[in-house]
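> Got a predicted structure plus its sequence, pasted below:
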Amino acid sequence: MNKIQIEQGDVIELFSEIKNNSVDLIIADPPYNLGKNYGNNQDLKGFEDYLSFSSKWLNEAYRVLKPNGTIYVFMGVRFISYLFDILDKKLGMFFNSWICWHYTQGMGKKIGFSPRHDDILMFNKTQNFTFNLDNVRVPQKYYRARNNMRGANPGDVWKFSHVHYCNPNRQEHPTQKPEGLMERMVLASSNETEMVLDPFCGSGTTLRVCQQLNRNCIGFELNPDYIQMTKKRLSKPFTGFDSIDERMERVPLDLSDYNIREEYLASHIKWFLQHHNGSVEKFNKSVEEMYGDRILKEQKKTAKQISLF
């Protein structure tokens, strides 16, 4: 059984309790220094103080990460270039991807363009790192024999909706991230029973995802109220992750060959919707709309052939 652990306190002090080279994956969503209220602390430091804080926790993250480990770091536009510099030049990590998380709704502005994305930096400790592409592929839009039936690389622009206040999984936290977003990182950059660390676990999304994906996980959190909220969240029955890349629900066009279509449709839910029960009905409906008549004709044809023997 996997182990999910939450520790309360200052992130730098809690990092000191973690052994060198002991963590397989770090997913970090630190405060963006925008003045948000996190209950028992305010996200607002002086410019140099914030950079110093960032440098300290990233140094600790580098220390505890295994040689084949990966770190994902969420960050707003003002400081992301500085974090890139720390990871790249000061720590000598290997840049992998600059991921754009695109969401459909966000802050409205009357002067200038409204922001509709967050950035996520992905760095590896060495050039020998874990990356499970088959676990995070997305269905093809058009099926071709030369394509991988398992799907395509999702790319570096990820479209996941915010966890809206009407969502039953919405927590009392100002920066809750969608579970589907964390699911992709965990599946891509770790294996079952390995160790994941979230040094700013907030609403507990990373811990909830790791709980369901059979990863061990440690979360650090300064606010004890958020820890109690996360524990309650972890105790609830699981019915499926609260968000999904909409491409996971699509049915490839041109699945005209009977044998190929049968093989693909038999595997789609296992490959793409295993932890998204709410999307299965939508997928099945799309199959019916796209291939229903053809499937029915082929079933009748097969039944007729059987009756001849």
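Received the coordinates, thanks.
> and residue 84, how many residues sit next to it?
Residue 84 has 17 neighbours, counted by other C-beta atoms under 10 Å. Quick note: C-beta positions are derived from backbone N, CA and C, even for glycine.
> just residue 150 next, same as before
16.
> can you pull out the strands in the stretch 1-150 of the chain?
4-8, 23-28, 65-75, 94-102, 117-124 (DSSP state E, counting those that start in this stretch).
> could I get those as a markdown table with distance to residue 55?
Shown next, in a markdown table, are the strands of the stretch 1-150 of the chain (distance: least, C-beta to C-beta, whole Å):
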| stretch | distance to residue 55 |
| --- | --- |
| strand 4-8 | 22 |
| strand 23-28 | 13 |
| strand 65-75 | 13 |
| strand 94-102 | 17 |
| strand 117-124 | 14 |
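> Quick one: closest of those to residue 290.
Nearest to residue 290 among the strands of the stretch 1-150 of the chain is strand 94-102; the distance by C-beta to C-beta comes to 26.3 Å.
> May I have that closest one as CSV, with CA atoms only?
Extracted in CSV, the C-alpha atoms of strand 94-102 (Å, rounded to 0.1, in the frame of the first residue of the first chain):
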residue,chain,number,x,y,z
PHE,A,94,19.0,19.9,-17.6
PHE,A,95,16.1,21.8,-19.2
ASN,A,96,13.4,19.6,-20.6
SER,A,97,10.3,21.6,-21.3
TRP,A,98,8.6,24.9,-20.8
ILE,A,99,4.9,23.8,-20.4
CYS,A,100,2.0,26.2,-20.9
TRP,A,101,-1.1,25.4,-18.9
HIS,A,102,-3.9,27.0,-20.9
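> The strands of the stretch 1-150 of the chain into JSON lines, with extra columns for mean neighbour count, mean pLDDT and distance to residue 198?
Formatted as JSON lines, the strands of the stretch 1-150 of the chain follow (neighbours: other C-beta atoms under 10 Å; pLDDT from 0 to 100; distance: least, C-beta to C-beta, whole Å):
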{"stretch": "strand 4-8", "mean neighbour count": "16", "mean pLDDT": "96", "distance to residue 198": "9"}
{"stretch": "strand 23-28", "mean neighbour count": "25", "mean pLDDT": "98", "distance to residue 198": "5"}
{"stretch": "strand 65-75", "mean neighbour count": "22", "mean pLDDT": "97", "distance to residue 198": "10"}
{"stretch": "strand 94-102", "mean neighbour count": "16", "mean pLDDT": "97", "distance to residue 198": "16"}
{"stretch": "strand 117-124", "mean neighbour count": "21", "mean pLDDT": "96", "distance to residue 198": "14"}
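> all helices in the stretch 151-300 of the chain, in order from the N-terminus.
179-189, 205-212, 224-235, 258-272, 277-307 (DSSP state H, counting those that start in this stretch).
> Mean pLDDT lowest where, among those helices?
With a mean of 73, helix 277-307 has the lowest mean pLDDT of the helices of the stretch 151-300 of the chain.
> quick one on the thing from earlier: closest one to residue 208 among the strands of the stretch 1-150 of the chain?
Of the strands of the stretch 1-150 of the chain, nearest to residue 208 by C-beta to C-beta is strand 4-8, at 8.6 Å.
> Mind giving me the packing neighbours of that closest one?
helix 205-212, strand 216-221, helix 224-235 (3 or more C-beta pairs under 8 Å, 6 or more residues apart in numbering; DSSP states H and E).
> now do 6 Å
strand 216-221, helix 224-235 (3 or more C-beta pairs under 6 Å, 6 or more residues apart in numbering; DSSP states H and E).
> would you turn those into JSON lines with distance to residue 60 and mean neighbour count?
Output for the helices and strands packed on strand 4-8, formatted as JSON lines (distance: least, C-beta to C-beta, whole Å; neighbours: other C-beta atoms under 10 Å):
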{"stretch": "strand 216-221", "distance to residue 60": "10", "mean neighbour count": "25"}
{"stretch": "helix 224-235", "distance to residue 60": "20", "mean neighbour count": "15"}
